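Q: got a predicted model here, sequence first, then my questions.
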Amino acid sequence: MKYYIYILYVAISNWFSEVKGHGRLIDPPSRSSMWRYGYNNPPNYNDNQLYCGGAQVQYDMNNGKCGVCGDPWPGPRDNEEGGKYANGIIAKTYDTGEEISVTVELTASHKGYFQFKLCPRNDPMQKTTQKCLDNYVLELADGSGNRYYIPNKNGYQTLVVKLRLPQNVKCRDCTFQWKYNAGNSWGVDSSGRGCLGCGNQEQFYGCADIAIGYDDIEEGDSLITGDNYKKKNYIPPPPVIQEEEQSQETNTNTNTNWDNDDTPTSFWDSLVSHTDKGGEVSLLEEFNKLQRKFKNKNIRPCVCHSCVGNTCVCECLPISRAHSFISDGVSSWLVYILSVLSCLIPIILI
């Protein structure tokens, strides 16, 4: 009996481990994301995965430790000073005390909150420490505190957060840190209370180099080499769309009958035809309907973005019934029950 309970526990644990968020700091662009926005910096195609090596690596192997920019604690620290993405290139310039808008792209949103911190420096090779960052936690511009809580919405989101820079901070190369503490895992807090979002959660980070209060520094200037690495008049190219797909962009019909025999020519068509539904839930629902019309059951929906020339970053959604069932949130009560069981079963096994 205990053997079967243990198998159930492992299955539940693996089920929940699939539900993860992903995100990146895009304005100011992080060191790993600068290449997407016209800066001649090495590309990191996994810039939405600066998550300390993953929750298991962070908490089970490294006792919760993580690099200040999201690199795994043991290394390599590619996003920190001396790393291949940290080249002292200023991503943004600001005035002291300015109200700024910061943009974060969540390619998979799962609750939790953002925090933003500064480490004032004038030497781009000076190591950024978490202690320095913790001394300069930025406040939200509306005065509501220093944590921005994520809207309760699944799927892709672009979030703009307004912050207030401190009046007394002036630096040629501040390290600007974004931290995303997700809240979609079941855990236990310090009081012993178990809940969704309690305890250790998956964390994402991003670091950008910014200048505050200096008029002689321009965006793209490297304080290491003295050269400017920003392409002039750079406009990110739009995603490559085939001709037959372009003709669908103006389609405003939201009453497509999925029960008839007219199969949409592409997944793009189904997405455009159902713009009123939106979100990961409807996307998975419509894809499941579309998938049933084809013999090949291995096809999966992908969203491509951040194209440079003909090369795009594509992120594909899982298509298994179990994962979509968890993702769409329709049966949240079952998620809750399974979460409780995942915590109780180890106790039963003792």
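A: Received it, and whenever you're ready, just let me know what you need. Numbers count the residues shown, from 1 in each chain.
Q: give me the contact list for stretch 163-171.
A: 94-102, 116, 118, 120-122, 136, 138-141, 211-214 (C-beta atoms under 8 Å, 6 or more residues apart in numbering). For the C-beta atoms, the positions are set from N, CA and C on the backbone; glycine is no exception.
Q: got the buried residues for the helix or strand hosting residue 101?
A: Taking DSSP states H and E as the definition, residue 101 sits inside strand 99-109. Neighbour-count burial for strand 99-109 flags 100, 102, 104-109 (criterion: 16 or more other C-beta atoms under 10 Å).
Q: please apply the same query to stretch 51-68.
A: Neighbour-count burial for stretch 51-68, counted by 16+ other C-beta under 10 Å, picks out 51-53, 55, 57-59, 62, 66-68.
Q: cool, stretch 143-152 as well?
A: Within stretch 143-152, the residues scored as buried using 16+ other C-beta under 10 Å are 148, 150.
Q: could I have it exported to CSV, CA atoms only?
A: The C-alpha trace of stretch 143-152 is given here as CSV (Å, rounded to 0.1, in the frame of the first residue of the first chain):
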residue,chain,number,x,y,z
GLY,A,143,3.8,54.6,-2.6
SER,A,144,2.3,51.2,-2.1
GLY,A,145,5.6,49.5,-1.0
ASN,A,146,8.4,47.8,-2.8
ARG,A,147,6.7,44.6,-4.1
TYR,A,148,4.7,44.5,-7.3
TYR,A,149,2.2,41.6,-7.2
ILE,A,150,1.6,39.8,-10.4
PRO,A,151,-2.0,40.0,-11.8
ASN,A,152,-3.8,36.7,-11.4
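Q: and it, average pLDDT?
A: What stretch 143-152 shows for mean pLDDT is 92.
Q: need the residues that contact it.
A: Under C-beta under 8 Å, 6+ apart, the answer for stretch 143-152 is 106, 109-116, 137-140, 157, 159, 161, 183.
Q: select from the residues you listed every entry located in strands.
A: Under the assignment DSSP state E, the contacts of stretch 143-152 contribute 106, 109, 113-116, 139-140, 157, 159, 161 to strands.
Q: going through the residues you listed, which ones are buried?
A: Judged by 16+ other C-beta under 10 Å, buried ones among the ones in strands among the contacts of stretch 143-152: 106, 109, 113-116, 140, 157, 159, 161.
Q: mind checking pLDDT for residue 46?
A: On the pLDDT scale, residue 46 is placed at 93.
Q: what count of nearby residues applies to it?
A: Neighbour count of residue 46, defined by other C-beta atoms under 10 Å: 12.
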